[in-house]
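Peer 1: I'll drop the sequence and a predicted model, then ask my questions.
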Amino acid sequence: MRALLILMACMGVAHAVPRTEVDCMVKILHAESQGESIEGMVAIGQSVINRSVRQNQSICQISGVSKRKPPMSMLAYYKALAASLIANASNSVARGADSWNTGRKPHQPGDITRIIGGHTFYVAKAEQ
């Protein structure tokens, strides 16, 4: 799977999205998806995109996420995944979620869409 993601990035996907958005997604994916399968990482990435749409902000500006640069040995992997997620903007794994947390209960009111590995994915209810 790692080779497939890198191949996708090399086929031009990485050039179709702004570099700064890819760099921010890389840091979010590394910080937020520790210990997750590729499915969990994809769901986190899709949820990041959904949150940026909900908050009407770029990926770099969204709130409530941790960011940490991955080690150089993993950078190409994370960049390929980030670029692919941004370019394809699918919701097939996250099922519309814009939030996630570790454990089985959302940190804020919302409707759970999936539980993958150690993360619960949900659509946060709008603040009133």
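Peer 2: Yep, it's here.

Peer 1: Cys60 and Pro18, how far apart?
Peer 2: The gap separating Cys60 from Pro18 is 9 Å, by CB to CB, to the nearest Å. Heads up, the C-betas are built off the backbone N, CA and C, glycines and all.

Peer 1: who has more neighbours, these two?
Peer 2: Neighbours were tallied for Cys60 and for Pro18 using other CB atoms under 10 Å; the higher tally belongs to Cys60 (15 against 12).

Peer 1: what does the more buried one show for phi and psi?
Peer 2: Cys60 adopts backbone torsions of phi -70, psi -20, taken as degrees, to the nearest 10.

Peer 1: verify the contact between it and Val22 for me.
Peer 2: No. In this structure, Cys60 is not within contact of Val22 by CB atoms under 8 Å, at 10.1 Å.

Peer 1: lowest-confidence helix or strand of the protein?
Peer 2: In the chain, no helix or strand scores lower on mean pLDDT, DSSP states H and E than helix 2-10, which sits at a mean of 46.

Peer 1: now do the buried residues in the helix or strand following it.
Peer 2: Scanning forward in sequence from helix 2-10 by DSSP states H and E, the next helix or strand is helix 19-32. By 16 or more other CB atoms under 10 Å, the buried positions in helix 19-32 come out as Glu21, Val22, Asp23, Cys24, Met25, Val26, Lys27, Ile28, Leu29, His30, Glu32.

Peer 1: what separates helix 19-32 from the chain centre, distance-wise?
Peer 2: Chain-centre distance of helix 19-32: 8 Å, with CA atoms, centre = their mean, to the nearest Å.
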